[in-house]
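Colleague: When you get a sec, could you give me coordinates for this:
(one chain, ligands or ions: 1)
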Amino acid sequence: MTSLIMIFGATGDLAKRKLFPSLYRLFEKGKLNKFAVVGVARRSLSTEEFQHSVKDSVLSALGKKDRIDEFISHFYYQSHDVSDSNSYAMLKNLADEIDERYQLEGNRIFYLAMAPEFFGTIALHLKSDKLTEVKGYKRLVIEKPFGHDLASAIELNKQIRSAFLEKEVYRIDHYLGKEMVRNIEVIRFANAIFEPLWNNRYISNIQITSSEVLGVEERGRYYETSGALRDMLQNHMMQMVALLAMEPPINLSTDEIRSEKVRVFRALRTVEGEQVNEYFVRGQYGEGTVEDVQVPAYREETMVDKESNTETFVAGKIMIDNFRWAGVPFYIRTGKRMSTKSTKIVIQFKDIPMNLYYQTEKMLNPNLLVIHIQPEEGITLHLNAKKAGGHLDAQEVKLSFANTGIHAMNTPEGYEKLLLDCMRGDATNFTHWDEVAYSWSFVDKISAVWESTKADYFPNYQSGTMGPKEVDELLEKDGYFWWPVT
Ligand code: BG6
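Modeller: Next up, the predicted model:
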């Protein structure tokens, strides 16, 4: 790949923890033929100092690396003021010069890995100060959050679209870089035994859990304005729902896949007003013990209001009102300071019409297909089979496939795949504007209710648990329960 990558926010956490190590891995694998990186941030640093910090980040993420000095020699630094045209003029000169030196064919990727309030300003300046006037391609990679609600997302999109075409905008949802999230469509569409069953005739419900043990850490200021609904549900959880629910695309092109996902968003049942508390449950962590460590309540964290109304947990029932999914609940739950770090999808199939084996000590389990997203990566199919040696007793057996077991290696970092996709010009695993807009309009109706009613019952779950007890009731009302995720 041949490209100049300009990273705004190059001294930030994301660049250090994810972007530099991912770029190194691509470099090591020979995926970056001609490239240079211009790091941009407010702080004043020399290029040498910047190169050192890149080296530190790569070495601490990946251990000793032989080609690290060669790698960092491709890095440059420019201290920058995001609202000053002179600053962009200097950046343009540097970029043009580097483009020439490395023969980068005018290909340019602008990666915004910084505070979202500047996304729009930067996009506008890139155009007005002519950094986007290149003879190769120009692409904008933009981190979340993409707006705070539908209205602000529309505004931001307008600013971005005045400088870039929709097909040049790569909105990151890092869950779409995860190996097993990408595997959902292959499991569905490459197996004759699943697709015919993938509908309301055979599936009773789908459960998606993404639990974290970490608390809000140093991000109190951002999180107070976001909460779990905007931080996790609007993007990552909704993306997984769309991939599980979409119709088979006519081919695997970016446009076809995205348009099938958009059709799922269009079929979401709107939940508003009084229904919100019937379909959704919010929670906020109190103190407790997580992995044997005593931790404080959310309201005691730094930069968090002592009476904060912000949810650190959200669970809900999402209904997709179309022919395939009518009547099948998609239950989702996600939160911080839960008992375990795990992302899993459980597809529960309907019970067989009649149980011939129920005279055995327990009832038959339904068939489950479990997709393990993280930390393990794989799939498990739960079946019933005859207990060896017994009379005709049925027992549950599990067929498992684990990525690590088969490929004997850790799969590449999500960011590595997303960066490569962007350089290749493949936007399939990035979110299209229509997906963002539909998903905000779904979420906005929930936040409208929650923001206007104080949760005087907060904190309502202890750190180190799986959330408030109402979360179990959400499923019990429908005759189901959460399958354990550990
Ligand atoms: C981010 C959220 O998008 O996803 C974080 O802002 C969250 O709050 C993170 O911790 C979870 O990602 P992962 O890959 O660890 O599941």
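Colleague: SS state for K65?
Modeller: At K65 the chain is in coil, as set by DSSP: H, G, I helix; E, B strand; the rest coil.
Colleague: pLDDT score assigned to it?
Modeller: K65 is assigned 89 on the pLDDT scale.
Colleague: Report the contact partners of it.
Modeller: When the contact criterion is CB atoms under 8 Å, 6 or more residues apart in numbering, the partners of K65 are Y24, E28, V58, L59, F71. Where you see a C-beta, it was placed from the backbone N, CA and C, and this is true even at glycine.
Colleague: E307 too?
Modeller: R299.
Colleague: That one sits in which helix or strand?
Modeller: Assigned by DSSP states H and E, E307 falls within no helix or strand.
Colleague: Where does the stretch 1-150 of the chain get nearest to the ligand, residue-wise?
Modeller: Residue of the stretch 1-150 of the chain nearest the ligand, by CB to the nearest ligand atom: K144 (6.1 Å).
Colleague: my read: that residue touches I172, true?
Modeller: Yes. The pair K144 and I172 passes the contact test of CB atoms under 8 Å, sitting 6.6 Å apart.
Colleague: and the two? which has more neighbours close in?
Modeller: I172 (25 against 18; other CB atoms under 10 Å).
Colleague: Tell me if stretch 478-486 is near the ligand.
Modeller: No. Applying CB under 6 Å from any ligand atom, one finds stretch 478-486 out of contact with the ligand, separated by at least 13.1 Å.
Colleague: could I get that stretch in PDB with only the CA atoms?
Modeller: Listed next in PDB are the C-alpha coordinates belonging to stretch 478-486 (Å, rounded to 0.1, in the frame of the first residue of the first chain):
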ATOM      1  CA  ASP A 478     -41.000 -13.500  28.100                       C
ATOM      2  CA  GLY A 479     -40.300 -16.900  29.600                       C
ATOM      3  CA  TYR A 480     -36.500 -16.800  29.000                       C
ATOM      4  CA  PHE A 481     -33.400 -16.300  31.000                       C
ATOM      5  CA  TRP A 482     -29.900 -15.200  30.300                       C
ATOM      6  CA  TRP A 483     -27.500 -18.000  29.400                       C
ATOM      7  CA  PRO A 484     -24.400 -17.700  31.400                       C
ATOM      8  CA  VAL A 485     -21.500 -16.100  29.600                       C
ATOM      9  CA  THR A 486     -18.600 -17.800  31.400                       C
END
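Colleague: Up against the ligand, what does the stretch 301-450 of the chain have?
Modeller: T343.
Colleague: what's the closest residue to the ligand within the stretch 151-300 of the chain in contact with, if anything?
Modeller: Residue nearest to the ligand within the stretch 151-300 of the chain: D231 (4.7 Å; CB to the nearest ligand atom). Counting by CB under 8 Å, 6+ apart, D231 makes contact with P145, Y223.
Colleague: Contacts for the strand or helix carrying M423, please.
Modeller: Applying DSSP H and E as the criterion places M423 in helix 414-424. Identification of contacts with helix 414-424 by CB under 8 Å, 6+ apart yields 1, 3, 18-19, 22-23, 25-26, 31, 109, 139, 141, 170, 172, 174-179, 182, 427-430.
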